[in-house]
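>>> sequence and predicted model, in that order:
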Amino acid sequence: MNGAQAVDGSGGDASTAPDALTHPASAGTGGPLTHSLAWATWALFVGLGLMLSGAGLFATIIGIRSELEGFPTLAIGLVAAAYYLGFLIGSRMALAALASVGHIRVYTAFASILAASILFAGMVVSPWAWIAVRFVAGACLAGQYVVAESWLNHLVTNANRGRILSLYSMVTIVAFGLGQVSISVIDPTTLTAFGIAAIVISLAVSPVALSEEAAPPIMTAPSRMSMRELFAIAPTGVVTSVLVGIAHGAFLGLAAVYATRGGLARHEIGVFIALPTVGSLLFQLPISAASDDIDRRAVGALAAFTAATGGVLLVIADVGSLASMGAMVLIGGTTFPLYSIAGAYTNDWVPSDQLTAAASQLVVLFGAGAFAGPFIGSVVMSFTGNSGFAWTVVGVHVAIGCFLTVRILQWRAPIRAKPWNEVALAGRVFYLPATAVGMGRRIRQTRDRRVPLAGPDALANHSIERDDTGEIMVIEGWGDAPPPAAPSSEI
């Protein structure tokens, strides 16, 4: 839902992770941690796991029932898009409520509303009713994400942010996938299916509300950060979050429809759309760990292009074949880390007192993209048939990879953030393709004979170079390297 590695120079390999998990809480948290960070946040992770399991079941029921009820493709796209529109509203509401009532009360209130809305959806089967219910569900889950990410961002540092947020992302993705798989033993045409989802979400309140070990940050006043301010600090993170939202909105919102139209049986659908979770288990932590050791943009670009390759495989393979199942694993394993990478990259630049506001804005950006994703996917599917789902996956991930590659070329930063002997294995896997990009960048720089301006002008995105006559020209550039210490913005 997240690094200027060349600047902060931190990150830590896998061997430093245990130490990173036991640092004292900083000022502004609920108090000093007497146990590890993992122990202090176990209630949050367990609660979120239950919450997302119920949400995954509910989303799968909606997708399958929409197709079984004969809803038009665009209506199904509206139902999926309404969920992400709710994201936009819910994140704002959560940020305002955090300051007045605190993390735990916001969490429990949104969980209660979400459970009630799911029961309502089971009683009223209608596209318009489900659009409204999915809007409410999106608002509630966005609030939960803001609570969780605000909670975690106050406890982690740049050195372990990629790993901790990837763990958080993996917990939510795996839990969501378990909910999807459970459709194999639950009849989506009955009210009982909706009731089970509501019960699981209701149980998600207990760990967070009753745990004595939970130590959420103390919010005394809402922090503020406009979208313009966030873009000025980290434009790469802003744009990437939107593009990742489009990719995930289309992929998650229409996967059940794609599998149903592909002729899979109910139990096969549950397994098929849960396969991306398997990919997340395999690749989420290694990819995110690599982003702590080398330029997060390089890792993100390679992951995006790999997901696009999986989309191409999905185009040429039959739905339900081994090849298509492998493609779903590959796509899930490489697309899901992109949000945590974008978030970690953005938060590397954000002042600590504005992390909560930044987390809320990232959810808004992701929600805006995810709102458009199902629309884009459903339109493409309307014109190209069921394969339009795979083509959407290909197109959006190619766009993400190209954008991050361009940003690497525009903003000159070392690919590796630490000495080679300190780079973990996961980072070394990504190093060679990242170095290829860096070599291309250096060739271009040599050709242009560009010399960065020193002093404060360097932050103004200017550089100078000599033309063929020897005259000095001032060149505008979006995102030149910041000074080496205490960066205040990416550009």
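Here it is on my side, so go on. Residues are numbered from 1 along each chain as shown.

>>> tell me which residue lies nearest the centroid of the protein.
Centre of the chain computed as the mean C-alpha position; nearest residue by CA atoms, centre = their mean is Tyr339, 2.4 Å away.

>>> surely that one and Phe366 touch.
Yes: in this structure, Tyr339 sits in contact with Phe366. The criterion is CB atoms under 8 Å, and the distance is 6.5 Å. Placement of C-beta: from N, CA and C, glycine included.

>>> so who does Val146 touch?
Residues in contact with Val146, defined by CB atoms under 8 Å, 6 or more residues apart in numbering, are 90-91, 94-95, 98, 356, 359-360, 363.

>>> what about it, which helix or strand?
Secondary structure here is read from DSSP states H and E; on that basis Val146 sits in helix 127-153.

>>> domain map for this protein?
5-410, 451-491 (automatic domain parsing).

>>> dump the ones you listed into TSV; add mean pLDDT as well.
Formatted as TSV, the entries for these read as follows, by pLDDT from 0 to 100:
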stretch	mean pLDDT
domain 5-410	83
domain 451-491	42
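
>>> most packed of those?
Among the domains of the chain, domain 5-410 has the highest mean neighbour count (mean count of other CB atoms under 10 Å), at a mean of 22.

>>> got phi/psi on Asp295?
The phi/psi pair for Asp295 (degrees, to the nearest 10) reads phi -50, psi 120.

>>> Met225 now?
The main-chain torsion angles of Met225 are listed as degrees, to the nearest 10 and equal phi -160, psi 120.

>>> so how far is Val238 from the closest residue to it other than its chain neighbours?
In space, Met225 comes closest to Ala357 once its chain neighbours are excluded; the distance is 3.8 Å by CB to CB, 6 or more residues apart in numbering. Distance of Ala357 to Val238, given as CB to CB, to the nearest Å: 14 Å.

>>> same question, Leu314
Taking CB to CB as the measure, Leu314 falls 29 Å from Val238.

>>> chain center to stretch 60-79: distance?
Distance, stretch centre to chain centre, for stretch 60-79: 25 Å (CA atoms, centre = their mean, to the nearest Å).

>>> kindly report the same for stretch 123-133.
Stretch 123-133 has its C-alpha centroid displaced from the chain centroid by 27 Å (CA atoms, centre = their mean).

>>> same question for stretch 394-407.
Here the centre of mass of C-alpha atoms in stretch 394-407, compared against the chain's by CA atoms, centre = their mean, lies 15 Å away.

>>> and the strands in the protein?
For the chain, the strands defined by DSSP state E occupy 450-452, 462-466, 472-476.

>>> and stretch 228-239, how far out from the chain middle?
Centroid displacement of stretch 228-239 relative to its chain, using CA atoms, centre = their mean, is 16 Å.

>>> would you mind pulling the contact partners of stretch 307-315?
247, 323-324, 326-328, 330-331, 334-335, 338, 387, 389-394, 397-398, 401.

>>> 10 Å - rerun?
247, 251, 258, 276, 279, 323-338, 384, 387-402 (CB atoms under 10 Å, 6 or more residues apart in numbering).

>>> for stretch 276-288, list the C-alpha coordinates in CSV.
Provided in CSV are the C-alpha atoms of stretch 276-288 (Å, rounded to 0.1, in the frame of the first residue of the first chain):
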residue,chain,number,x,y,z
PRO,A,276,-1.9,-15.2,-6.9
THR,A,277,-1.7,-15.6,-3.2
VAL,A,278,0.7,-18.5,-3.7
GLY,A,279,2.8,-16.2,-5.8
SER,A,280,2.8,-13.7,-3.0
LEU,A,281,4.0,-16.3,-0.5
LEU,A,282,6.9,-17.1,-2.8
PHE,A,283,8.0,-13.7,-4.0
GLN,A,284,6.6,-11.0,-1.7
LEU,A,285,9.3,-11.0,1.0
PRO,A,286,12.3,-11.6,-1.4
ILE,A,287,11.3,-8.8,-3.7
SER,A,288,10.6,-6.4,-0.9
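
>>> mind listing the helices for the stretch 301-450 of the chain?
Counting by DSSP state H, counting those that start in this stretch, residue ranges of the helices within the stretch 301-450 of the chain are 322-335, 337-347, 355-384, 388-410, 425-448.

>>> for Val136, find the nearest of these.
Val136 lies closest, by CB to CB, to one member of those: helix 355-384, at 14.0 Å.

>>> which helices and strands does that closest one pack with?
Judged by 3 or more CB pairs under 10 Å, 6 or more residues apart in numbering; DSSP states H and E, the packing partners of helix 355-384 are helix 73-101, helix 127-153, helix 227-233, helix 235-261, helix 337-347, helix 388-410.

>>> and for the third one, what's in contact with it?
Helix 227-233 has contacts (CB under 10 Å, 6+ apart) with 225-226, 237-239, 241, 346, 348-351, 354, 357-358, 360-362, 364-365, 368, 487-491.

>>> which ones are touching Ser382?
Shown in contact with Ser382 (CB under 10 Å, 6+ apart): 72-74, 77, 388.

>>> same list (those) but as CSV, adding distance to Val181.
Shown next, in CSV, are those (distance: CB to CB, whole Å):
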residue, distance to Val181
Pro72, 28
Thr73, 25
Leu74, 28
Gly77, 24
Gly388, 25
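
>>> what's the most distant pair in those?
For the contacts of Ser382, with distances taken as CB to CB, the pair at the greatest spread is Pro72 and Gly388 (14.8 Å).

>>> just to revisit the earlier point, and the helices and strands packed on helix 355-384: which comes nearest Val299?
The minimum distance between Val299 and those falls on helix 337-347, with 6.3 Å, by CB to CB.

>>> check which helices and strands the closest one sits against.
Judged by 3+ CB pairs under 10 Å, 6+ apart, helix 337-347 is in contact with helix 127-153, helix 161-181, helix 235-261, helix 266-293, helix 296-316, helix 355-384, helix 388-410.

>>> any chance of these in JSON lines, with distance to Leu57 too?
As requested, the helices and strands packed on helix 337-347 are exported to JSON lines (distance: least, CB to CB, whole Å):
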{"stretch": "helix 127-153", "distance to Leu57": "12"}
{"stretch": "helix 161-181", "distance to Leu57": "4"}
{"stretch": "helix 235-261", "distance to Leu57": "12"}
{"stretch": "helix 266-293", "distance to Leu57": "9"}
{"stretch": "helix 296-316", "distance to Leu57": "24"}
{"stretch": "helix 355-384", "distance to Leu57": "19"}
{"stretch": "helix 388-410", "distance to Leu57": "21"}
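
>>> now Leu52: closest residue in space, sequence neighbours ignored.
With CB to CB, 6+ apart as the measure, Ala175 is the residue that lies nearest to Leu52, at 3.8 Å, once sequence neighbours are left out.

>>> from memory the one you found sits against Leu48, does it?
Yes: the pair formed by Ala175 and Leu48 meets the contact definition of CB atoms under 10 Å, at 6.9 Å.

>>> mutual contacts of those two, please.
With CB under 10 Å, 6+ apart applied, the overlap between the contact sets of Ala175 and Leu48 consists of 55, 204.

>>> can you tell me how far Met123 is from Ile113?
Here Met123 is placed at a distance of 16 Å from Ile113 (CB to CB).
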